[in-house]
Each structure stands twice: as C-alpha cells, then as structure tokens.
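Student: okay, here's the prediction I keep looking at, along with the sequence it came from:
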Amino acid sequence: MIAFDEAMSRALSMVRPLESERVAVSDARGRVLAETVHAEIDAPRADISAMDGYAVRLDEARSGQSLKVVGEAFAGTPFTAPLGEGQAVRIFTGAHVPAGADCVVMQEYAQRSGDTVTFGQGFGPSRHIRKRGGDFAAGALMIERGTRLSPAAMIALAGADKADVAVARQPRVAIIVTGEELVSPGSAAASANRQPDSASYGVAALAERYGVKIVQIFRAGDDLAALEDIATHALSLADCVIVIGGASVGERDFAKPMFAGAELEFAFSKVAIKPGKPVWFGTAGGRYVLGLPGNPGSALVTARLFAAPLLIALQGGDAPAEIQTVPLPLAAALEPGGSRETFLRARLDQAGLKPVANQESGAQAPLAQSTWLIWREAHAQAQAAGAMVRAIPL
Ligand SMILES: Nc1nc2c(c(=O)[nH]1)N[C@H]1C(S)=C(S)[C@@H](COP(=O)(O)OP(=O)(O)OC[C@H]3O[C@@H](n4cnc5c(N)ncnc54)[C@H](O)[C@@H]3O)O[C@H]1N2
Ligand code: MOO
C-alpha cells in the first residue's frame, strides 16, 4: 500500500488544469486566477485625509493660532483651489488634501467660531495624510496567477479597479452516493433498514468551498447495471466524479467496477492512511474520478486530503498549499499511533488541539465539533499535552 505523499504526487501528475474564462469581478469570488493582476489605478488616487478635521499648512498649525476656513473637502467632492497663507479647509476622511496643505489637524483639537478655526494643544505628530500611491501604484503587481480569490483577495482585486478577470473554468463535479441502505435525510425513520446519506452533504459542502460547481448528486443502490448507467451519465456531466462508498472489498462494493467500461485508469487504489484507507483516484472517459470510503468520517477526511488539492490543481492553483500543515500545541496527550499515517479529528481552543473523543470512521456526532485534522506520521510516538503537532484546518 502506498503512502499519502506518493498517492498525492501520482494523482497530481495526472491532473491537467482546465481552460480559463473571463468573469466579472462580481462573479470571481472563490475562483482561481488564470492571470496575474496588476493595478489599473493608484491607491489612494491622490493624497487624502485619514481623519475628519482641518487641512492646513504644517508651519501654520500651531496651538493658539487662528486660521480662516475657506471651504470644505469631502471624499468624492474636493476643494479645488490651493490653500493660501493663513487658511484652513474643513476636510473629511477620504477627501483629497487641497494643494498647499500638508497636514490635517483632527477636529478633536479644533475650536470653530464662524469661519475661524483655532487649534488646542496636543495634535500631531502625525500629519494624517495618506499619500497618493502609498497603497499601490498603477501597474503594480496585485495578485499572482494561481491565487484563489479569498474574501481578502477580492478587496485587492476590486481595489485595483478591475472590471473582469481571467479565472480557471469552474470545475463541474458530480457526486455518486452508493448504498442500498441510504436515503435522503428525513426519510430514514420510516424503515429500520434505512439510514440517511450524510456523507455527501459534507463532501458537497467541502467541494464547493474549493470553488467547484456541484452539477448533480446521484444516489443509487448496490446494483451494478444501474450504477454503470449512472457512471456514464455522471462522466458526461462533470469534469470530476466523486463516488462515496463501495470502495472496499465487499461483495456489493461497486464503486470501481461501475467505471470499468469507461477505461478506468488508477493513480492509486488505496493509501496507507487512517481513516480512509480505501480511497482511490484515477481517470475514466477523460474525466477524473475520486472514490471516497463510505464511512462518513473517512469520506470527509479523504475529501479534505484529496479532493481539496486536486480540485485546486484542476483550476491551476497551488495544490500543496491546500494541505500545508501548521504547527499547533496539543491540549491533551496522545497515545502512540498505528502503522498508517493518521488523521485525528480535533477542535481547537485556547489550550490547543483537542482530539474529539470518538475517532471511529463511522462516527458522525463528533464531526459537528471537528474543525481541524491532526496529522500524525505512521508509528508516531506518544505525545504529552503541550507537545507540538502538525495540523490542517478541516
Ligand atoms: N474486509 C475488509 N473490510 C473492510 C475494509 C477492509 O480493508 N477489508 N476496509 C474498511 C474500511 S477502512 C472502510 S473505510 C470501509 C469503507 O468501505 P466502503 O467505501 O465500501 O463503504 P460502504 O461499505 O459503502 O459503507 C461503509 C459504512 O458507511 C456507511 N455509509 C456509506 N455511505 C454513506 C453515506 N453517503 N452517508 C452515510 N453513511 C454512509 C455505510 O452505511 C456503512 O455503514 O470498509 C471497511 N471494510
Ligand atoms: O479507513 Mo476506514 O476509513 O478506517 O474506516
């Protein structure tokens, strides 16, 4: 059985990024840039005030000094004349600083009387002026190609005054849920032999977080002929098909056989990880197929470990960054690990990472609290509370 790193590098070497398209900035969130973005404008556009107050000449801004207020400058509506000697302009945050002024005195230090303003003690030393281009200049590199547009990056993109931007085409993902016992949530109570399909809800949510469009979720029993039809249909709709369940060696585990007619080629067919050993990946009919084990904890962990970087690779993004671990302290001691690389569902609080009590791959309740995965190497030694471990956000 191969190790995680080997499985990931085999899978990544199979993935070819999708073509790009131009989208309006309003549709770009979560997408991966297919071009490097440069600024169209300077920011700030001009020297602007960082405070509400009075624009003055620094050499005239002394406490006790009275200046004549000759006009007002608002963000979007500047005072256009230059500032003369002995003059001040009432100015508001974001307004262009009038020519001749080189300091803004906050209004908290000003006493206004008619068209005269006098300043009290204690203002400065800051001049409260944001210089033109101090954030970025027109033509400056703003965001590198391959960056996924996070909420923060969206501000840099829109701030650069881009109307539209080249991004990778959004991958279309179909999910196939296999298992005679599975029904949609809300319908299981009616029969003792039925249980809710829960895994697909977590996997779909996770995939969407990585910028893909879920085109269809198929749910099917353990009938190979029916599954073959579904596989053909799913491959016709999607760039990537994610199959949940039927990954193991049971007599009715048809996740792989249903793609046999579509020339299934494996990158790997199981991996030495816990949970999720039966995870598999390959191509079929020119599409990508990722098979996740049916146990909900295994499905979620393998989706996070494999679907996240592979779907980002499909968009030309930085796949390794998606599974980059961060060091964090343990809030509770850990027993020695087993022979497979292990991923403990955990939550993070002030004291550090605390594994949830029930680590069984079939357990669903603990997933409600699980926001991190502790990543332990094979044959990990026991670790005390406070020891540093590697983890990724779930
Ligand atoms: N003899 C062996 N048996 C098993 C092995 C093995 O190596 N040898 N591996 C075990 C491991 S590890 C796992 S993980 C499971 C994975 O098997 P499958 O992918 O074939 O999963 P199923 O048999 O379809 O289901 C397992 C379990 O999960 C429930 N399930 C399935 N899909 C869903 C869903 N969408 N939502 C909620 N729950 C789901 C299903 O009812 C079963 O209880 O195989 C072990 N067996
Ligand atoms: O690998 Mo299974 O996912 O351990 O239960």
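Tutor: That came in fine, so what should we check first? What you are looking at is a predicted structure, and each value in this text was computed from that prediction instead of being measured. Residues are numbered from 1 along each chain as shown. Ligands and ions are numbered 1, 2, ... in the order given.
Student: from here on, contacts and neighbour counts on C-alpha atoms
Tutor: Noted.
Student: show me the helices in the stretch 51-200 of the chain, by range?
Tutor: Along the stretch 51-200 of the chain, counting by DSSP state H, counting those that start in this stretch, helices occupy 151-159, 199-209.
Student: quick check: end-to-end length of stretch 23-37?
Tutor: End-to-end distance for stretch 23-37: 13 Å, by Cα to Cα, to the nearest Å.
Student: contacting residues around that stretch?
Tutor: 20, 141-151, 154, 157-158, 162-168, 170, 209-211, 312, 315-317 (Cα atoms under 8 Å, 6 or more residues apart in numbering).
Student: likewise for stretch 351-366?
Tutor: Contacts for stretch 351-366 (Cα under 8 Å, 6+ apart): 275-276, 295-298, 328-332, 344-348, 369-370, 372, 374, 386.
Student: do that again at 6 Å, thanks
Tutor: Outside stretch 351-366, the residues that touch it by Cα atoms under 6 Å, 6 or more residues apart in numbering are 295-298, 329-332, 345-347.
Student: got it, and stretch 255-275?
Tutor: If you take Cα under 6 Å, 6+ apart as the criterion, stretch 255-275 is touched by 1-3, 10-11, 227-228, 246-247, 277-285, 298, 340-342.
Student: need the distance between the two termini of it.
Tutor: End residues of stretch 255-275 are separated by 18 Å (Cα to Cα).
Student: now that stretch: buried residues?
Tutor: Within stretch 255-275, the residues that count as buried by 16 or more other Cα atoms under 10 Å are 255-259, 262, 264-275.
Student: and the pLDDT at the residue in the stretch 101-250 of the chain that ligand 2 sits nearest to?
Tutor: Per Cα to the nearest ligand atom, S248 is where the stretch 101-250 of the chain lies closest to ligand 2, at 9.0 Å. In the predicted model, S248 carries a pLDDT score of 84.
Student: need the contact list for it.
Tutor: S248 sits in contact with P278, where contact means Cα under 6 Å, 6+ apart.
Student: using the three-state scheme, assign it.
Tutor: Following DSSP: H, G, I helix; E, B strand; the rest coil, S248 is assigned to coil.
Student: list phi and psi for it.
Tutor: Per-residue torsions, S248: phi -90, psi -150 (degrees, to the nearest 10).
Student: quick one: it and I175, what's the gap?
Tutor: From S248 to I175 the distance is 18 Å (Cα to Cα).
Student: which ones are touching the residue lying closest to G186 once chain neighbours are set aside?
Tutor: Nearest non-adjacent residue to G186, counting by Cα to Cα, 6 or more residues apart in numbering: P196, 7.3 Å away. Residues near P196 by Cα under 6 Å, 6+ apart: 182-185, 188.
Student: also Q87?
Tutor: Per Cα under 6 Å, 6+ apart, neighbours of Q87: 67-69.
Student: same deal with W280?
Tutor: By Cα under 6 Å, 6+ apart, W280 lies in contact with 268-270, 290-291.
Student: need the residues you listed in a markdown table (columns: pLDDT).
Tutor: Listed next are these as a markdown table, based on pLDDT from 0 to 100:
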| residue | pLDDT |
| --- | --- |
| F268 | 97 |
| S269 | 95 |
| K270 | 95 |
| L290 | 98 |
| G291 | 97 |
